[in-house]
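Chemist: Give me a 3D structure for the following:
(one chain, ligands or ions: 1)
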Amino acid sequence: MLLSKNIALVGFMTAGKTQVGERLSVRTGLPFRDVDRLVEEVAKAPVQRIFETLGEPWFRQIESRILSELCAGSGQIIGCGGGTILRPENRAVLRDRCVTFWLRVSVAYVRTRLEEPGTPQRPLMAGRDLDLLIPELLRQREPLYDEADEVIETDGRTVDDVAEEIVARLGFTT
Ligand code: S3P
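Modeler: Predicted coordinates:
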């Protein structure tokens, strides 16, 4: 299927943007591009280390550059980082060049997921009181995620289930 825009997945850390994006890619045949992974390729270092050594401003700058480069193309599934929506220019490019899905999760879900063994470390959470930080970040960010075209309630659902809902909302017939 040809798309003149891209499909973008936004939402808070642990919402499953990468896994849902990979599943959607298999399901639709469209390529999946993960913004965090592409920043890591530029830095040749994992996100955690980028924050420690180069700092968050550097990460945000490269994140914006990659998003705008990706959005110059079309027909891709783009997995954003949890904070990609923070910059107004990123939200503008998402609005113009993507059909955007917000994978929405609750405070309780994020808390549980972050504590699961094997969940990657998030630099923004390091050494912080999660009971305060998660609700505060969600309060700041939810109005920005809510600029998405579609909201998918994601709490406790499987990756396949969420991906199928996106496929249905897009009207894919394959
Ligand atoms: C961030 C979320 C992370 C990553 C970085 C910053 C954020 O992505 O981009 O740690 O500001 O919420 P995930 O949402 O994929 O964990």
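
Chemist: Say whether the ligand is contacted by the strand or helix carrying residue 49.
Modeler: Here residue 49, judged by DSSP states H and E, is contained in helix 47-53. Yes - against the ligand, helix 47-53 shows contacts by CB under 6 Å from any ligand atom at residue 47. (Each C-beta comes from the backbone N, C-alpha and C, glycine too.)

Chemist: just checking, next helix/strand downstream of that helix?
Modeler: helix 56-71.

Chemist: Show me what counts as buried in that following helix.
Modeler: Residues of helix 56-71 classed as buried under the neighbour-count rule (16 or more other CB atoms under 10 Å) are 59, 60, 62, 63, 64, 66, 67, 70, 71.

Chemist: Residue 172: neighbour count?
Modeler: 15 (other CB atoms under 10 Å).

Chemist: Now that it has come up, it's in contact with residue 30, right?
Modeler: No - Residue 172 lies out of contact with residue 30 (CB atoms under 8 Å); the separation is 9.7 Å.

Chemist: Name the residues of the protein found near the ligand, please.
Modeler: Residues of the chain found near the ligand (CB under 6 Å from any ligand atom) are 13, 17, 36, 47, 81, 82, 83, 122, 123, 124.

Chemist: how about those residues, which pair is most distant?
Modeler: For those, the farthest-apart pair by CB to CB is 17 and 123; their separation is 16.8 Å.

Chemist: Settle it for me: which of those two has more neighbours?
Modeler: Between residue 17 and residue 123, residue 17 has the larger neighbour count (other CB under 10 Å), namely 29 against 15.

Chemist: Residue ranges in the protein under the pLDDT threshold?
Modeler: Scanning the chain for pLDDT under 70 picks out 1-2, 173-174.

Chemist: so what does the longest strand anywhere in it touch, helix or strand wise?
Modeler: When the chain is parsed with DSSP state E, its longest strand is strand 98-104. Contact here means 3 or more CB pairs under 8 Å, 6 or more residues apart in numbering; DSSP states H and E; on that basis strand 98-104 packs against strand 6-10, strand 150-153, helix 159-170.
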